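>>> Turn this into a structure:
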Amino acid sequence: AGVLFSAGSRVDTGGLVASTLNIANDDFMAGRFTFERDPANAASVVNRGTLSAPGSTVALMAATVVNEGTVQADGGTVGLVSARKVSLDFKGDGLTTFRFDPAAKADAAFVGNAVEGVLQANGGRVAVLADSSQVAQLVVNQQGTVRARSISERNGEIILGGAPSSDVRVAGTLDVRGEGAGASGGTITVQAGGIRATGAVMDASGPAGCGQVELSAGRAVTLDAATRLHADALARGDGGRIQVDAGDGGLHVAGRLSADAAEGDGGRIATSAAVVEVGAAQVSASGGRAGRNGSWRVASQADVTIGTAPAGRPASEVSAADFSQVSAEALGEALGKGTDVTVAATGFPLNGRGESGNVVFEENAAVVKRSGGESTLRVDAMRDIDMGPRSRIESQAGALNVSFNADSSGTAKLRSPVGSSVVEEER
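Here you go, the predicted model:
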């Protein structure tokens, strides 16, 4: 039961809300667009046709929402939403905002954009959202194309969101590139309890500057080796911002991350979590012909070991009892691409293991800068920095500045034992 737009069907309209949720008559008459579904309501909305509402809103809302066709609202909003209670706000910036009631969680929710599915709102907003109370439930499965390219009048925006307890899977293409010589890139935001990107391309580049790609989760984020995140300034302006944060959980980084600039300063890339794994990753935030280096920061609460690249695996398998592993090769490659790199072990209590916050270069670890101009490697450790036997940091091309900062938080106390002039650090 529910709503089906069959293959070959076409709807061209000034605005469309297709929903299996209820709206009270009084709310509708008063212009309050609040929709709610009974827990027993499992009806779906499925689109296999073409839905178009330029400059307006197309919203598909149900317990299960699946797009296998094309939904288009250039200059407006495309929304695929699954929730127990959701309100639509058509005011503000001219784009529609979907607001969930935090006190009304759904027992189950699912939104999917199939491989052949296209969601498009150039110069507007695409929102793919699901709100469920179930822990680790897959609520958003993005496999197709989501496009909200920026135009000179307005930047595009893509939002993929699940509840803090649920999971989002991202593949296919998320595209907020600037379209036209005067356009900059837009914004891509993915938020959930767990995020897994497999072969995904997320692009916020633009000819006149670039935008932002942000992935934020509380439990786990995985970027596999085929995933690409881009926030490049293709002609002028500075590189953009890429932020991948797994909060108190695990993060596995592979694939390609770039925030380069053709003319201006390089952008900023940040990868952070309680436990961070940097494997087969290619990271670059190079400045342009007239610009400065950009930066890449790897921040871990756990101890960090620099050396052999960790094997690819889902970040959900990373435990808080693990230590962080960072590929020495990935660091050297980033330094050679005009990117200043910081590795930080910020520390946190680990039961039975004392305080973390150490950085260790494992035996035979080699951070080698093989190309490019001047760049900087900075290592911040809340506690100690150790170089293992035969480990090394070197440059084979261009200047390499190296800065080691132990006790980076400045919280270690100094004490002088009774009867001694030797000052020792108190742990």
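
>>> all helices of the stretch 1-150 of the chain, in order?
Here the stretch 1-150 of the chain has its helices, by DSSP state H, counting those that start in this stretch, at 25-29.

>>> quick one: low-confidence ranges for it?
Low-confidence segments of the stretch 1-150 of the chain, defined by pLDDT under 70, are located at 92.

>>> May I have the secondary structure class of the nearest residue to Ala299 once chain neighbours are set aside?
Distance criterion C-beta to C-beta, 6 or more residues apart in numbering; nearest residue to Ala299, sequence neighbours excluded, is Ser272 at 3.9 Å. C-beta here means a position set from N, CA and C on the backbone, and glycine is covered the same way. What DSSP: H, G, I helix; E, B strand; the rest coil gives for Ser272 is strand.

>>> any idea how far Ser272 is from Asp203?
Separation of Ser272 from Asp203 (C-beta to C-beta, to the nearest Å): 22 Å.

>>> again, but for Ala43
Ala43 is 35 Å from Asp203, by C-beta to C-beta.

>>> need the contact list for Gln396.
368-370 (C-beta atoms under 8 Å, 6 or more residues apart in numbering).

>>> Just the buried ones among these, please.
Using 16 or more other C-beta atoms under 10 Å as the burial test, those include 368-369 as buried.

>>> now the contacts of Gln396 as a markdown table including pLDDT?
What follows is those, written out as a markdown table (pLDDT from 0 to 100):
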| residue | pLDDT |
| --- | --- |
| Val368 | 98 |
| Lys369 | 98 |
| Arg370 | 97 |
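
>>> picking that back up, have a look at Ala43 and Asp203 and say which one is more surrounded.
Between Ala43 and Asp203, counted using other C-beta atoms under 10 Å, the more crowded position is Asp203 (24 against 15).

>>> Which residue is the nearest non-sequential neighbour of the more buried one?
Nearest residue to Asp203 in three dimensions, chain neighbours excluded: His230, at 4.6 Å (C-beta to C-beta, 6+ apart).

>>> next one: Asp175
Arg147 (4.6 Å).

>>> for Ser258, same thing?
Counting by C-beta to C-beta, 6+ apart, the residue nearest Ser258 is Ser284, at 4.8 Å.

>>> do the same with Asp101
Ranked by C-beta to C-beta, 6+ apart and with sequence neighbours excluded, the top spatial neighbour of Asp101 is Lys85, at 4.0 Å.

>>> in the stretch 151-300 of the chain, which spans are helices?
Under DSSP H, counting those that start in this stretch, the stretch 151-300 of the chain gives no helices.

>>> The closest residue to Val221 other than its chain neighbours: neighbour count?
Once flanking residues are discounted, Val221 sits nearest to Ala246: 4.3 Å by C-beta to C-beta, 6+ apart. Counted with other C-beta under 10 Å, the neighbours of Ala246 add up to 27.

>>> Against Val11, how distant is Ala246?
For Ala246 relative to Val11 (C-beta to C-beta), the value is 40 Å.

>>> where do the strands sit along the stretch 101-250 of the chain?
110-113, 118-120, 125-130, 138-142, 145-147, 157-161, 167-170, 173-175, 187-197, 201-203, 212-223, 228-230, 241-245, 250-258 (DSSP state E, counting those that start in this stretch).

>>> Need these in a markdown table (columns: distance to Leu377).
Output for the strands of the stretch 101-250 of the chain, formatted as a markdown table (distance: least, C-beta to C-beta, whole Å):
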| stretch | distance to Leu377 |
| --- | --- |
| strand 110-113 | 40 |
| strand 118-120 | 41 |
| strand 125-130 | 39 |
| strand 138-142 | 36 |
| strand 145-147 | 36 |
| strand 157-161 | 34 |
| strand 167-170 | 31 |
| strand 173-175 | 31 |
| strand 187-197 | 27 |
| strand 201-203 | 27 |
| strand 212-223 | 22 |
| strand 228-230 | 22 |
| strand 241-245 | 19 |
| strand 250-258 | 17 |
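
>>> Return the most buried member of the ones you listed.
strand 125-130 (a mean of 28; mean count of other C-beta atoms under 10 Å).

>>> Okay, now the sheet partners of that one, with direction.
Strand pairing for strand 125-130, using DSSP bridges, gives strand 77-82 (parallel), strand 157-161 (parallel).

>>> Make a markdown table out of the ones you listed and add distance to Ala309.
Putting the strands paired with strand 125-130 into a markdown table (distance: least, C-beta to C-beta, whole Å) gives the following:
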| stretch | distance to Ala309 |
| --- | --- |
| strand 77-82 | 37 |
| strand 157-161 | 28 |
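
>>> Looking at those, spot the one closest to Gly31.
Within these, the stretch nearest Gly31 is strand 77-82; the backing value is 17.3 Å (C-beta to C-beta).

>>> got a list of what Thr308 touches?
325, 327-328, 362, 365.

>>> how close does it sit to Ala220?
Going from Thr308 to Ala220 by C-beta to C-beta gives 22 Å.

>>> before we move on, the earlier item: show me the contacts of Thr308 that map onto strands.
325, 327 (DSSP state E).

>>> Next, the distance between the ends of stretch 13-28.
Start and end residues of stretch 13-28 are separated by 20 Å (C-alpha to C-alpha, to the nearest Å).

>>> brain fart, stretch 71-81
13 Å.

>>> Give me the distance between it and the centre of its chain.
Put simply, stretch 71-81 sits 21 Å off its chain's centre (C-alpha atoms, centre = their mean, to the nearest Å).
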